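Q: Here is a sequence with its predicted model. Questions after.
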Amino acid sequence: MNIPTEPIGSIPRSAELISAIASAEPRQLEYLFERAIESTIREFENTGSPVITDGEQSKPSFVTYPLHGSPDIREGGIKIPFADGHFRQLPLLVKGPFRYRNYAEQYLEKARKYAQLPVKQAIISASAISLIYPPEGIEGYPQQAFIEDLVNECEKDIRLCLENNAYKVQMDFTEGRLSLKLDPSGGVLRQFIELNNRVFKRFSKDDQKRIGIHVCPGGDHDSTHSADVDYTQFLPALFTLNVGNFYLQLASEADHKKVLQTVKENLKPDQMVFIGVIDVINPNVETAEEVRDRILEAAQYIPLNQLGTTDDCGFSPFCDDVSTTRETAFAKIRSRIEGTRLASEILTKKLEAVS
């Protein structure tokens, strides 16, 4: 019994790179990005992880990478408040037609130049980008036309990664749980699910097996935006998405059993669940034994052929987040790898004993 394990994505940038992002000339910055990508991949491969990412070293943020450098946006969009008082703000679209300025495939292509292992690529959800359309509308470019363009662009973002041999394409959907805080009736969540499914339904069943969705209550500067929302009110809707892989934050949840029971009740036979066994906003590095025990707990609820492990979130989804060191991030990843191995050995022996 070999339990699969995958990362979510981002790794903290070095102090040198963070400083350069704010001040360096474009040519110098591109050189530093290349160095950061290569060194991050080497460190990732040294953890023993069977699947790696580029650590999102050259993404300005996991949300806004498609818009970076676009002349069609301005500041002043929706503010997303975090529990510690800080916030992140989305931009606003000023004209159409809407097109991505950057596709995730460009990050994947650079990573694969250096990687010896399969590379997973994260993308942002259509539902998150839908929030950049201004509430007052855009003259000559109705919201319906924007949504159609957005679905086309999100599909293209995924398809380019699949065509460029991404091991998996993971859509980040952290606004899903947040939507229930903004609208407890669930109306916004239903709209988000419907929009993302419009994208996923354009892919074959085989492609959907290589596509996944990641959810968490946000993780930025060791704070969250929606951890106070009942996870079990969100998960049933989540499992109606037409993808094969679900990457669920779990380690930082107070009541694991309640969440796992909800997963058990809603999981479909053709879906894989990668449970979060690493709390990325807790500075303490989990032991391999702690990880092992979290997996053994999950195995009481989730069929072993549908169970995998991951981290609760990326370690640095925004480029200026220095709340976690690179050393801590990689130490936590090594614990996930070793803990997953230990759990796999125990579960294999149990299977052999009953066969």
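A: Great, that's in hand.
Q: quick one, strands of this protein?
A: For the chain, the strands identified by DSSP state E occupy 73-74, 79-81, 87-89, 92-93, 121-124, 169-172, 211-215, 245-248, 272-278, 307-311, in order along the chain.
Q: and stretch 171-190, how far apart are its ends?
A: Distance between the two ends of stretch 171-190: 17 Å, counting by C-alpha to C-alpha, to the nearest Å.
Q: in that stretch, what's buried?
A: Within stretch 171-190, the residues scored as buried using 16 or more other C-beta atoms under 10 Å are 171-180, 188-189. Using the backbone N, CA and C atoms, a C-beta is placed for each residue, glycine as well.
Q: before we move on, what about stretch 33-52?
A: 33, 36-41, 43-44, 47, 49, 51-52.
Q: and the least confident of those residues?
A: By predicted confidence (pLDDT), the lowest-ranked of the buried residues of stretch 33-52 is Phe33, with 91.
Q: Could you report the separation of it from Glu163?
A: Using C-beta to C-beta, to the nearest Å, one gets 23 Å for the distance from Phe33 to Glu163.
Q: Repeat that for Val94.
A: Noted for Val94: a distance of 31 Å to Glu163, by C-beta to C-beta.
Q: what's the closest of the buried residues of stretch 33-52 to Glu136?
A: Checking the buried residues of stretch 33-52 against Glu136 with C-beta to C-beta, the nearest one is Phe33 at 36.9 Å.
Q: who are the neighbours in contact with the closest residue to the closest one other than its chain neighbours?
A: Of all residues not flanking Phe33 in the chain, Ser58 sits nearest, at 4.1 Å (C-beta to C-beta, 6 or more residues apart in numbering). For Ser58, the contacting residues are 33, 36-37, 107, 110, taking C-beta atoms under 8 Å, 6 or more residues apart in numbering as the criterion.
Q: Pick out the most distant pair among the residues you listed.
A: For these, with distances taken as C-beta to C-beta, the pair at the greatest spread is Ala36 and Tyr107 (11.8 Å).
Q: surely Leu180 meets Phe192?
A: No: with the criterion set as C-beta atoms under 8 Å, Leu180 and Phe192 do not qualify as a contacting pair; they are 10.3 Å apart.
Q: what about the helices in the stretch 201-350 of the chain?
A: Remark: helices of the stretch 201-350 of the chain, listed N- to C-terminal, are 205-208, 231-238, 256-266, 288-298, 326-354; assignment by DSSP state H, counting those that start in this stretch.
Q: Go through the second one and flag the buried ones.
A: Using 16+ other C-beta under 10 Å as the burial criterion, the residues of helix 231-238 that qualify are 231-232, 234-235, 237-238.
Q: ok, back up a step: please dump the contacts of Ser58 into TSV; it should also carry distance to Gln261 for every row.
A: Supplementary listing: those in TSV, determined by distance: C-beta to C-beta, whole Å:
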residue	distance to Gln261
Phe33	44
Ala36	41
Ile37	41
Tyr107	37
Lys110	42
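Q: Out of those residues, flag the one nearest to Thr328.
A: Proximity of the contacts of Ser58 to Thr328 (C-beta to C-beta) peaks at Ala36, which lies at 17.4 Å.
Q: Please state the backbone phi and psi of the closest residue to the closest one other than its chain neighbours?
A: Beyond its immediate neighbours in the sequence, the residue positioned closest to Ala36 (C-beta to C-beta, 6+ apart) is Gln57, lying 4.1 Å away. Reported as degrees, to the nearest 10, the phi and psi values for Gln57 are phi -60, psi -30.
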